[in-house]
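*Asks:* Sequence and predicted structure are below.
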Amino acid sequence: MASKRSSWQRTHTCGELTARHEGTEVVLNGWIENHRHHGQILFLDLRDRYGVTQVFCDQEVAGTVSGTFETLRRLGAEDVLSVRGTVRRREGDKINKNRSTGEIELVALQVTVLSEAETPPFEILDKAEANEELRMQYRYLDLRRRPLQEAMQKRARFVTAIRNYLQDNRFIDIETPILTKSTPEGARDYLVPSRVHPGKFFALPQSPQIFKQLCMVGGLDRYYQIARCFRDEDLRADRQPEFTQIDLEMSFVEEHDVLDMVEGMVIHGLREGFGIELPQPFPRFDFFEAMEKYGCDKPDLRFGMTLIDVTELAKKSDFKVFATAVATGGTVRGICAEGAAEKFSRKGIDELTAFVTGLGAKGLAWAKVTANGVEGSIAKFYEGDKGKELIAAMGGKPGDLLLFVADQKKIVLKALGDLRLKVGGILGLRDPKVFRCCWVLNFPMFEYNEDKGRWQFAHNPFSAPVDWDIQDFGKDTDQIRSRAYDFVMNGWELGSGSIRIHRTELQARVFEFLGIGKEQQRANFGFLLDAYKYGGPPHGGIALGVDRIVTLALGREGIRDVIAFPKTAMAYDLMAEAPGSVSAEQMAELQIVSTAKPQP
RNA sequence: GGGGGCGUAGCUCAAUUGGUUAGAGUACCGGACUGUCGAUCCGGUGGUUGCGGGUUCGACCCCCGUCGCCCUCGCCA
């Protein structure tokens, strides 16, 4: 092995040399991170993926090849270097305690300049000082920064752990088409023109959904894929036009089979990938339960402060706002912020009030719990026993802050759900180093689209209803539940799945109910409906967003921070300058004409 | 598609609210320096103030348009 190594090639990495290598002769390769010149001696910090090692050079050291000092003297940041030298132990205050390699340095004997670098457009520092636009344009330089290196390494470790777990559980890694068919439901598709079928287009998959279900019909029994998905919608900090899912599907299962399997997978993946230990089991909430307790369908379980219904108490209240809300069919609910009375001044509460009114609430009623009762905006309506009754209902104790919203239920849940997160954030209860997972089950099957004036899928066209034998989807439509579930961590929706409809007849009736006619069914999903005619097994699965999981696990700002080559919010690749123009010949070959106005 | 923020030296920012030669730190270049570790000290190079137009005696600053980046609502079955 050693004989195959060229003289300039590294024997060690920049992260592994320690005091036990003292006296050995080694070769390191890496980038110059920093250089410090002192006349007769100089120091360099040499960086690679594994760490940073200080290189020392003295004009007069025995064994130094002539010219070594002069070469190092003229080099600068980001030049790529091979250094042969001797490992020397550092003593006393020469030790750098901030580095794993800080107890040694490499005394340079001979150097080879592997590549000289122009002054980079921004400095390669752990803390990103250059703006993100510039860093995306020179992403290959940004990738040299330790936070990105860490993200890429841990992401890979996480994905590998997931693969191992699924492999060990008899899942088969199956590739599904990237060139597939557009379906009008759901997100906007990315399209690819076909040359040999002029005027026809492939679509890039929004997810491998249909194909994984066909894998079940195909008897593959347990499928998984680390799958790239594409959606042409406007972007956010947590959305990219292409993103990665852990996609899986299982045959002959019920909800708990999928949930148990995925729970084990997530625990294994976060442990192996990031050293995170998740508390088990993950609580499982019914959709309506989650809405009632947390005011949202993706509860952040890092703290309590659940929504409490005080409608019964409000009914008999002298406080008109409460009484009126109840009398007009509304509800009154509140949250109890433990020990928060001191932390919110009148001005602070005014800000919370502005926050909830911005969400559609008419106002925010508040009360600080004291030893004697309550004080605050509603105190005069809650003197004596009434106040004690309210405090008891809210589970309050002296020093707590009670916040109430009275309105129609939908508004109350939204306002308090968001307020809970905001107050929790202000009180420091949303620690990014704490991780709490849960499941939300039995989502409504349909939701009413006001604009289009019709019902549509709330989740996924293939999710089975809780009641297999349901006959009429038009009756109490908003009460119909599907066997859909979401995986949630720290208030982020990280995965979504369901038990599927595996019977042609039921699937056809769901489509019909939504006004998707026979012809359209055939055109869009014909092959899936056909497949079920030939024996589709009961099955279900889930897809989890890899980018979001990694972002959360590493405590990063957005998913761009864990994607090697991300795009901007305008779905543009600043580095590759994609999308770009194509030649008239290419357009002609595809029989495509652009109607876009030429850009100056 | 709507709302908000930002755009000044390679990079990060400032410029007394419209005033005369647009500054600082850092990077870079040169010099000094035998123990630094974001070295220090001395000196130097570096500007189409995103772009186009307008108002004004005078514009980084005000107005209109435009481009780009970020956040957000809509959207994302």
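*Replies:* Great, that's in hand. Worth saying up front: this structure is predicted, and the values here are computed from it rather than measured.
*Asks:* Now do the SS call for the residue in chain A that RNA strand B sits nearest to.
*Replies:* With C-beta to the nearest atom of the strand as the measure, the residue in chain A that lies nearest RNA strand B is residue A:39; the distance is 2.5 Å. (Each C-beta comes from the backbone N, C-alpha and C, glycine too.) The three-state label given to residue A:39 by DSSP: H, G, I helix; E, B strand; the rest coil is coil.
*Asks:* For chain A, give me the ranges with low pLDDT.
*Replies:* A:1-3, A:598-600 (pLDDT under 70).
*Asks:* 80 instead, please
*Replies:* By pLDDT under 80, the low-scoring segments of chain A are A:1-3, A:184-185, A:450-453, A:597-600.
*Asks:* Which single helix of it contains the most residues?
*Replies:* Among the elements of type helix in chain A, defined by DSSP state H, the one spanning the most residues is helix A:146-168.
*Asks:* Next one: that one, is it in contact with RNA strand B?
*Replies:* No - using C-beta under 7 Å from any atom of the strand as the criterion, no contacts between helix A:146-168 and RNA strand B are found, and the smallest distance is 13.1 Å.
*Asks:* Any idea how many residues pack against the closest residue to residue A:49 other than its chain neighbours?
*Replies:* What sits nearest to residue A:49 in space, not counting adjacent residues and going by C-beta to C-beta, 6 or more residues apart in numbering, is residue A:149, at 6.0 Å. Around residue A:149 there are 15 other residues, counting by other C-beta atoms under 10 Å.
*Asks:* I figured residue A:149 hits residue A:156, correct?
*Replies:* No - using C-beta atoms under 8 Å, residue A:149 and residue A:156 do not qualify as a contacting pair, with a distance of 11.1 Å.
*Asks:* The very next helix or strand once past the longest helix of chain A pairs with which strands?
*Replies:* Under the assignment DSSP states H and E, the closest C-terminal helix or strand after helix A:146-168 is strand A:172-173. Strand pairing for strand A:172-173, using DSSP bridges, gives strand A:222-230 (parallel).
*Asks:* Parallel or antiparallel, which strands does the helix or strand just after the partner strand pair with?
*Replies:* Tracing the chain past strand A:222-230, the next element assigned as helix or strand by DSSP H and E is strand A:242-251. Partner strands for strand A:242-251, per DSSP bridges, with pairing direction: strand A:222-230 (antiparallel), strand A:539-545 (antiparallel).
*Asks:* What are the buried residues along strand A:242-251?
*Replies:* Applying a neighbour-count criterion of 16 or more other C-beta atoms under 10 Å, one finds A:242, A:243, A:244, A:245, A:246, A:247, A:248, A:249, A:250, A:251 buried in strand A:242-251.
*Asks:* can you tell me which of those residues lies nearest to residue A:360?
*Replies:* The shortest gap between residue A:360 and any of those belongs to residue A:243, at 31.0 Å (C-beta to C-beta).
*Asks:* Please tell me I have it right and the closest one contacts residue A:547.
*Replies:* Yes - A contact is recorded between residue A:243 and residue A:547 when judged using C-beta under 8 Å, the distance being 5.2 Å.
*Asks:* Give the residues shared as contacts by those two.
*Replies:* A:559, A:563 (C-beta atoms under 8 Å, 6 or more residues apart in numbering).
*Asks:* Run through the residues of the stretch 151-300 of chain A sitting next to RNA strand B.
*Replies:* When proximity is defined as C-beta under 7 Å from any atom of the strand, the stretch 151-300 of chain A approaches RNA strand B at A:183, A:185-188, A:206-207, A:209, A:231, A:233-237, A:239.
*Asks:* nearest spatial neighbour of residue A:186, skipping sequence neighbours?
*Replies:* Leaving aside its chain neighbours, residue A:186 sits nearest to residue A:206 (5.7 Å; criterion: C-beta to C-beta, 6+ apart).
*Asks:* I'd like the distance from the one you found to residue A:520, if you could.
*Replies:* When C-beta to C-beta, to the nearest Å is the yardstick, residue A:206 and residue A:520 sit 18 Å from each other.
*Asks:* Of those two, which one has the most company?
*Replies:* Taking other C-beta under 10 Å, residue A:206 and residue A:520 do not tie; residue A:206 has more neighbours (20 against 15).
*Asks:* which pair in the buried residues of strand A:242-251 spans the largest distance?
*Replies:* Using C-beta to C-beta, the buried residues of strand A:242-251 reach their maximum pairwise distance at A:242 and A:251, which is 28.9 Å.
*Asks:* quick one, phi psi at residue A:366?
*Replies:* With angles defined as degrees, to the nearest 10, residue A:366 sits at phi -140, psi 160.
*Asks:* swap in residue A:452?
*Replies:* With angles defined as degrees, to the nearest 10, residue A:452 sits at phi -90, psi -10.
*Asks:* Tally up the residues packed near it, please.
*Replies:* 9.
*Asks:* Helix or strand: which one has residue A:44?
*Replies:* Following DSSP H and E, the helix or strand that holds residue A:44 is strand A:41-48.
*Asks:* same thing with residue A:537?
*Replies:* Here residue A:537, judged by DSSP H and E, is contained in no helix and no strand.
*Asks:* Quick one: residues contacting the residue of chain A closest to RNA strand B.
*Replies:* Counting by C-beta under 8 Å, 6+ apart, there are no residues that residue A:39 touches.
*Asks:* next one: residue A:349
*Replies:* When contacts are taken as C-beta under 8 Å, 6+ apart, residue A:349 is in contact with A:364, A:366.
*Asks:* In which helix or strand does it reside?
*Replies:* According to DSSP H and E, residue A:349 maps onto helix A:346-357.
*Asks:* List the buried residues in that helix.
*Replies:* Along helix A:346-357, these residues count as buried under the neighbour rule (16+ other C-beta under 10 Å): A:349, A:352, A:353, A:355, A:356.
*Asks:* wouldn't the fourth one be in contact with residue A:420 here?
*Replies:* Right, the one you point to is residue A:355. No - counting by C-beta under 8 Å, residue A:355 does not reach residue A:420; the two are 11.4 Å apart.
*Asks:* For residue A:122, grab the count of nearby residues.
*Replies:* One way to gauge burial is a neighbour count; for residue A:122, by other C-beta under 10 Å, it gives 17.
*Asks:* What segments of the stretch 51-200 of chain A are strands?
*Replies:* For the stretch 51-200 of chain A, the strands identified by DSSP state E, counting those that start in this stretch occupy A:51-58, A:80-89, A:104-115, A:172-173, A:191-193, in order along the chain.
*Asks:* Show residues contacting the shortest one.
*Replies:* It stands for strand A:172-173. A:163, A:166, A:167, A:220, A:221, A:222, A:223, A:224, A:225, A:226.
*Asks:* Of the residues you listed, which is the most crowded?
*Replies:* Within those, neighbour counts (other C-beta under 10 Å) peak at residue A:223, which reaches 26 neighbours.
*Asks:* list the contacts for the spatially closest residue to residue A:488 that is not a sequence neighbour?
*Replies:* Residue nearest to residue A:488 in three dimensions, not counting chain neighbours: residue A:298, with 4.5 Å by C-beta to C-beta, 6+ apart. By C-beta under 8 Å, 6+ apart, the contact list for residue A:298 reads A:290, A:440, A:486, A:488, A:491, A:492, A:493.
*Asks:* Wasn't residue A:298 part of a helix?
*Replies:* No - the assignment for residue A:298 is coil, going by three-state DSSP, so no helix is present there.
*Asks:* pretty sure residue A:27 is in a strand, no?
*Replies:* Yes - with the criterion set as three-state DSSP, the secondary structure at residue A:27 is a strand.
*Asks:* Test my guess that it contacts residue A:84.
*Replies:* Yes - Residue A:27 is within contact range of residue A:84, at 4.8 Å (criterion: C-beta under 8 Å).
*Asks:* between the two, what contacts are shared?
*Replies:* residue A:7.
*Asks:* Name the residues of the longest helix of chain A that are buried.
*Replies:* When burial is assessed from 16+ other C-beta under 10 Å, helix A:146-168 yields the following buried residues: A:147-148, A:151-152, A:154-155, A:158-159, A:161-163, A:165-166.
*Asks:* C-alpha coordinates for it, CSV please?
*Replies:* What follows is the C-alpha trace of helix A:146-168 in CSV, where atoms were taken according to Å, rounded to 0.1, in the frame of the first residue of the first chain:
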residue,chain,number,x,y,z
ARG,A,146,-17.0,23.6,9.1
PRO,A,147,-20.8,24.1,9.7
LEU,A,148,-21.5,22.9,6.1
GLN,A,149,-18.9,20.1,6.4
GLU,A,150,-20.6,19.0,9.6
ALA,A,151,-24.1,19.2,8.0
MET,A,152,-23.0,17.1,5.0
GLN,A,153,-21.2,14.4,7.1
LYS,A,154,-24.0,14.1,9.7
ARG,A,155,-26.7,14.1,7.0
ALA,A,156,-24.9,11.2,5.3
ARG,A,157,-24.5,9.3,8.5
PHE,A,158,-28.2,9.8,9.3
VAL,A,159,-29.3,8.6,5.8
THR,A,160,-26.9,5.6,6.1
ALA,A,161,-28.4,4.7,9.5
ILE,A,162,-31.9,4.9,8.0
ARG,A,163,-30.9,2.6,5.1
ASN,A,164,-29.4,0.1,7.5
TYR,A,165,-32.5,0.1,9.7
LEU,A,166,-34.8,-0.4,6.8
GLN,A,167,-32.6,-3.1,5.2
ASP,A,168,-32.5,-4.9,8.5
